[in-house]
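# Give the three-dimensional model of this entry:
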Amino acid sequence: MEGRRVLQLLCLTFTLISTTLPSPPGLTVSPSRSQFLQGDSVSLSCEEDGWTVWRKTSSRQRSSCGDMWGKPAGSSCRISYMTTRDSGVYWCESREGAAGSSINITVADTVVLQSPVLPVMEGQDVTLGCRTSAPSTLSAELFKDGVFIGTESTGHMTLRHVSRSAEGLYWCSFRGVGESPPSWISVSAPPTKAAPPTEGAPPTSITFLQLVVRVFCYLVVFCPNSISTLLTVSLYQERAKRMSLPQYLEIG
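Purely as a prediction, here's the structure:
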């Protein structure tokens with residue numbers, strides 16, 4: 001009985017942990033885009049204090065802001081003059097080594113595509129811009145998944161009320177100058193509004209971790225009761241069977 005109480009206490013502790021476990025902080029990029037021209041500046045910020053901006057480039061192993069790149073300021077990092085060597089994967093990391101979601105940043109020396117660095121919601125407008133460091137009066141040509149989608153004299157194209165079909169690999173080019181690296185644009189469904197729970201009703205949606213904990217609780221709390229009940233019924237049936245057998249008396 002004492003061991004079962006300990007297991008029930010552990011189950012309650014795991015449940016509380018699963019419902020209060022925070023998600024790792026994300027990385028904010030300003031200006032908000034994934035491609036930059038050489039010479040641009042960028043500010044990278046972690047959403048929570050105490051976290052540090054890290055990166056992994058093709059020329060170096062993983063390193064934190066201030067380790068031969070960037071200027072740290074609390075949970076932020078600023079690169080005042082970007083070069084192609086700054087292309088890589090960036091993320092936020094805690095002192096304990098926990099890491100948040102990563103963002104790919106590309107630095108090019110001729111042409112870049114200005115596109116959202118984070119997924120866009122269905123129904124939103126998305127503006128794509130084509131920039132070049134070379135003097136050019138030509139119109140920008142834009143492509144999606146290898147298919148030409150239009151020419152813009154201003155270098156900007158707005159996709160109205162995007163749907164999931166707008167998701168894909170985009171790039172742009174200036175004839176005689178060059179083309180930008182490709183950028184993947186993700187489109188996510190808008191969050192659904194859940195109906196307000198009735199008073200006393202349990203929540204209708206749970207995370208995978210909460211589901212695992214609840215299954216564990218079921219095994220700890222209910223399985224011993226079920227096993228005990230089955231054993232009791234089995235013993236009762238065996239006893240009744242023995243009592244129903246005829247009794248033979250031996251007379252000496």
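# For the rest of this, base every contact and every neighbour count on C-alpha atoms.
Fine.
# wait, isn't residue 30 in contact with residue 36?
No: with contact defined as CA atoms under 8 Å, residue 30 does not reach residue 36; the gap is 11.1 Å.
# neighbour count winner among the two?
Between residue 30 and residue 36, residue 36 has the larger neighbour count (other CA atoms under 10 Å), namely 26 against 14.
# Touching, that one and residue 112? I think so.
Yes: with contacts counted by CA under 8 Å, residue 36 reaches residue 112, the gap being 6.4 Å.
# Can you check which residues contact both of those two?
Contact with both residue 36 and residue 112 is made by no residue, according to CA atoms under 8 Å, 6 or more residues apart in numbering.
# Around the closest residue in space to residue 57 that isn't next to it in sequence, count how many other residues there are.
Nearest residue to residue 57, sequence neighbours excluded (CA to CA, 6 or more residues apart in numbering): residue 88, at 4.3 Å. By the criterion of other CA under 10 Å, residue 88 has 18 neighbours.
# Check residue 152 too.
Residue 152: 14 surrounding residues under other CA under 10 Å.
# All the strands of the stretch 101-250 of the chain, in order from the start?
103-108, 111-114, 120-121, 126-132, 140-144, 147-152, 156-159, 168-174, 178-179, 183-185, 187-188 (DSSP state E, counting those that start in this stretch).
# Ok, which of these comes nearest residue 60?
Residue 60 sits nearest to strand 103-108 of all these, at 15.0 Å, using CA to CA.
# now the closest one: mean pLDDT?
Mean per-residue pLDDT for strand 103-108: 95.
# strands paired with it, and their directions?
Its sheet considered, strand 103-108 pairs with strand 35-37 (parallel), strand 88-93 (antiparallel) by DSSP bridges.
# So which of those strands is nearest residue 53?
So among those, strand 88-93 is nearest, using CA to CA, at 4.6 Å.
# May I have the closest one exported as CSV, CA atoms only?
Extracted C-alpha coordinates of strand 88-93, given in CSV (Å, rounded to 0.1, in the frame of the first residue of the first chain):
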residue,chain,number,x,y,z
GLY,A,88,24.7,29.7,-41.6
VAL,A,89,22.2,28.4,-39.0
TYR,A,90,21.4,30.6,-36.0
TRP,A,91,19.5,29.7,-32.8
CYS,A,92,19.1,30.6,-29.1
GLU,A,93,20.7,28.5,-26.4
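# what sits up against that strand?
By CA under 8 Å, 6+ apart, strand 88-93 touches 25-27, 46, 51-58, 99-106.
# Kindly report the same for stretch 97-106.
So stretch 97-106 is contacted by 24-27, 34-36, 84, 86-93, 117, 181 (CA under 8 Å, 6+ apart).
# Which residues belonging to it are considered buried?
For stretch 97-106, the neighbour count (16 or more other CA atoms under 10 Å) marks 99, 100, 103, 104, 105, 106 as buried.
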